[in-house]
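> Sequence isn't available, so here's the structure alone:
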């Protein structure tokens, strides 16, 4: 397996849509394979959302080529509405992201399903089958795969993809060769899902990974071995399932940036004076942590004889 990480690792040090700058930092950290975070570029003033999106994408592609980086997967922005004008706009943005993936040579993109705040499981499956089939019309034009993703009840109790059986059911209903699953190890750990059996159950439906750790309580996306997830169960499952996709980290390295969503570290204020000199670790420290995360992932894969350079 080839080790990748997400451009979202660096959004606290660049503009959220400045993926070209993130690629420079990734290359500096030693990564060769990239999960491009198009979801973080979904901002009102982002070039991805405007008329200049093709030029923006071309610049990203040129930067990656110059650095010798390869895109192995992507992550879309979210659609969290099952009907209405807002859903139509958000869906159109995901369709644009599929076109961006085609332009950049990205083989597949993770697209979260539509949660149903008041819905039952069957309603979730029906609505998401319809949602993904609609998106797959664009996939058929671009050749870019769509990956659904598992979650945990703590994140969204009515997003009914909690284990391998759930994922397989949705795959069976969608029934399309360009549709598969991204298995998120951290989400599974928080939910209490048995990793090995779910990975084996998904088999060929498993196309992508999000690798991160936690303590089984909250979805905090910390780097492997910073929590208590059993990665032997994950790795043995991947080997036995003959998984051939990338080993993609979606882990925010330590030290955690100040405005990371699960942290939101505040400066100290005394007598009206703000003290924030130590609030945010410098990029030099973050890069050292990224390199450690890369070394850690390499150790994990080498231990199971499945590391690819």
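Sure, I can see it. Being a predicted model, the structure only gives us computed values, none of them experimental.
> Could I get the full set of helices for the protein?
In the chain, the helices defined using DSSP state H lie at 19-29, 53-67, 85-104, 121-142, 164-174, 185-191, 195-202, 231-240, 283-303.
> Would you mind pulling the contact partners of the shortest one?
Where contact means C-beta atoms under 8 Å, 6 or more residues apart in numbering, the residues beyond helix 185-191 that reach it are 149-155, 162-163, 195, 198, 209-214, 216-221, 227, 229, 231, 234, 250-251. Using the backbone N, CA and C atoms, a C-beta is placed for each residue, glycine as well.
> Buried only: go through the residues you listed for me.
Among these, those scoring as buried are 149-152, 162-163, 195, 198, 209-214, 219-221, 227, 229, 231, 234, 250-251 (criterion: 16 or more other C-beta atoms under 10 Å).
> where in the stretch 201-309 of the chain is pLDDT low?
253-263 (pLDDT under 70).
> can you rerun that using 80?
253-265 (pLDDT under 80).
> returning to what we had before: may I see the helices of the chain arranged in TSV, with distance to residue 5 as well?
As requested, those are exported to TSV (distance: least, C-beta to C-beta, whole Å):
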stretch	distance to residue 5
helix 19-29	7
helix 53-67	14
helix 85-104	16
helix 121-142	24
helix 164-174	23
helix 185-191	14
helix 195-202	20
helix 231-240	16
helix 283-303	7
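> Tell me which of those sits most buried.
Mean neighbour count (mean count of other C-beta atoms under 10 Å) peaks for helix 185-191 among these, with a mean of 24.
> Distance from the chain centre to that helix, please.
14 Å (C-alpha atoms, centre = their mean, to the nearest Å).
> before we move on, the earlier item: which of the buried ones among the contacts of helix 185-191 fall in strands?
Among the buried ones among the contacts of helix 185-191, the ones falling in strands (DSSP state E) are 149, 209-210.
> Distance to residue 97 for those - can I get that in a markdown table?
Output for those, formatted as a markdown table (distance: C-beta to C-beta, whole Å):
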| residue | distance to residue 97 |
| --- | --- |
| 149 | 15 |
| 209 | 20 |
| 210 | 17 |
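> Closest one of those residues to residue 78?
Residue 78 lies nearest to residue 149 out of those, by C-beta to C-beta, at 10.9 Å.
> Spit out the contact partners of that closest one.
For residue 149, the contacting residues are 110, 112-113, 161, 181-184, 187, 210, by C-beta under 8 Å, 6+ apart.
> Give me the pLDDT for residue 84.
On pLDDT, residue 84 comes in at 84.
> Measure how buried it is and give me the count.
Using other C-beta atoms under 10 Å, residue 84 has 9 other residues around it.
> Report the separation between it and residue 164.
32 Å (C-beta to C-beta, to the nearest Å).
> Residue 200 now?
According to C-beta to C-beta, residue 200 stands 7 Å off from residue 164.
> I'd like to know how far residue 162 sits from residue 209.
Taking C-beta to C-beta, one finds residue 162 at 17 Å from residue 209.
> Residue 101 against residue 74, yeah?
Yes: counting by C-beta atoms under 8 Å, residue 74 is a contact partner of residue 101 at 5.4 Å.
> what about stretch 152-171, average pLDDT?
Per-residue scores along stretch 152-171 average to 96.
> what's next to it, contact-wise?
Residues contacting stretch 152-171 (C-beta under 8 Å, 6+ apart): 112-113, 115-121, 124-125, 128-129, 132, 148-151, 179-181, 183, 187-188, 190-191, 193-194, 197-202, 205, 218-219.
> The nearest residue in space to residue 90 that is not next to it in sequence: what's it in contact with?
Spatially, and ignoring its direct neighbours in sequence, residue 90 is nearest to residue 79 (4.5 Å; C-beta to C-beta, 6 or more residues apart in numbering). Residue 79 makes contacts with 87, 90-91, 94, 111-112, 114, 131, as judged by C-beta under 8 Å, 6+ apart.
> which one of the contacts of residue 149 has the most neighbours?
residue 183 (29 neighbours).
> And for the closest residue in space to residue 145 that isn't next to it in sequence, the neighbour number?
The shortest distance from residue 145 to any non-neighbouring residue, by C-beta to C-beta, 6+ apart, is to residue 108 (3.5 Å). Residue 108 has 24 neighbours, counted by other C-beta under 10 Å.
> Surely residue 108 and residue 143 touch.
No: the pair residue 108 / residue 143 is not scored as a contact, 9.8 Å apart, by C-beta under 8 Å.
> Pick out the residue nearest the middle of the protein.
residue 75 (5.1 Å; C-alpha atoms, centre = their mean).
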